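Visitor: I would like to see how this sequence folds:
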Amino acid sequence: MRMASSARMKVCIVSSCGGHLTEVRELRSVYQQYEHCYVLNDHALLPPDMVGHTYFIAHSERDWKFFLNLWEAWRIMRRERPDVILSTGAGPVVPFAIIARLFFRVRILYIETLTQIYKPSLTGKIMRWLAHRCFYQWPGLARYFPSGTYGGPLL
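Guide: From the prediction side, this is the model:
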């Protein structure tokens with residue numbers, strides 16, 4: 001799969017509000033040089049740089065709204081046409097990864113959340129199979145992400 005040139009690469013950052021969003025925003029210096037948008041699963045008070053660049057999707061807790069999230073992911077992906085999906089965990093990335101894999105040529109970068117020290121989250125267990133690249137923040141997770149990369153804590 002060919003990556004887009006950095007001059008025109010577009011990144012879609014998928015997160016839940018709170019800690020996951022705080023973590024992924026630690027990578028701002030990496031993705032701010034590219035065109036990017038955010039997808040959050042709940043409304044939140046946004047910092048100025050996110051205003052006008054954020055989509056809000058239904059909050060799903062492993063319920064029927066997951067199917068709604070698949071539809072929302074398809075609509076957003078079709079509109080934005082990102083080259084990369086970036087996420088530090090939480091459920092919203094799963095429907096985006098599924099849609100990205102089935103319908104779009106989008107690279108998926110998944111970073112297991114900082115709070116998972118000894119074993120992966122449910123999202124991490126799923127994203128291990130869906131993401132093109134997985135990163136983890138604690139050395140003890142290496143056995144769960146055999147083809148992943150240890151990157152150390154983001155915070």
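Visitor: list the buried residues in stretch 55-72.
Guide: 55, 57, 58, 59, 60, 65, 66, 69, 70, 72 (16 or more other Cβ atoms under 10 Å). Every C-beta, even on glycine, is put in place using the N, C-alpha and C of the backbone.
Visitor: now, which of the residues you listed sits nearest residue 30?
Guide: Using Cβ to Cβ, residue 55 comes nearest to residue 30 of the buried residues of stretch 55-72, at 20.6 Å.
Visitor: wait, doesn't the closest one sit right on residue 40?
Guide: Yes - the pair formed by residue 55 and residue 40 meets the contact definition of Cβ atoms under 8 Å, at 7.4 Å.
Visitor: if I look at residue 127, how far off is residue 108?
Guide: The gap separating residue 127 from residue 108 is 8 Å, by Cβ to Cβ, to the nearest Å.
Visitor: repeat that for residue 143.
Guide: Here the distance between residue 143 and residue 108 works out to 22 Å (Cβ to Cβ).
Visitor: what about this protein, any weak spots by pLDDT?
Guide: Across the chain, the stretches falling below the confidence threshold (pLDDT under 70) are 1-7.
Visitor: which parts of it are helices?
Guide: If you assign secondary structure with DSSP state H, the helices in the chain sit at 19-25, 28-31, 65-80, 93-103, 122-130.
Visitor: contacts only, for residue 21.
Guide: In this structure, residue 21 makes contact with 15, 40, 44, judged by Cβ atoms under 8 Å, 6 or more residues apart in numbering.
Visitor: how about the closest residue to the last one other than its chain neighbours, what does it touch?
Guide: With sequence-adjacent residues excluded and distances taken as Cβ to Cβ, 6 or more residues apart in numbering, residue 44 is closest to residue 17, at 4.4 Å. Residue 17 makes contact with 40, 41, 42, 44 under the criterion Cβ under 8 Å, 6+ apart.
Visitor: please spell out the PyMOL selection for the buried subset of those.
Guide: If you want just the buried ones from these in PyMOL, going by 16+ other Cβ under 10 Å, the selection is:
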select buried, resi 40+41
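Visitor: need the contacts of residue 17 in JSON lines with distance to residue 148, can you?
Guide: What follows is the contacts of residue 17, written out as JSON lines (distance: Cβ to Cβ, whole Å):
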{"residue": "40", "distance to residue 148": "25"}
{"residue": "41", "distance to residue 148": "24"}
{"residue": "42", "distance to residue 148": "28"}
{"residue": "44", "distance to residue 148": "29"}
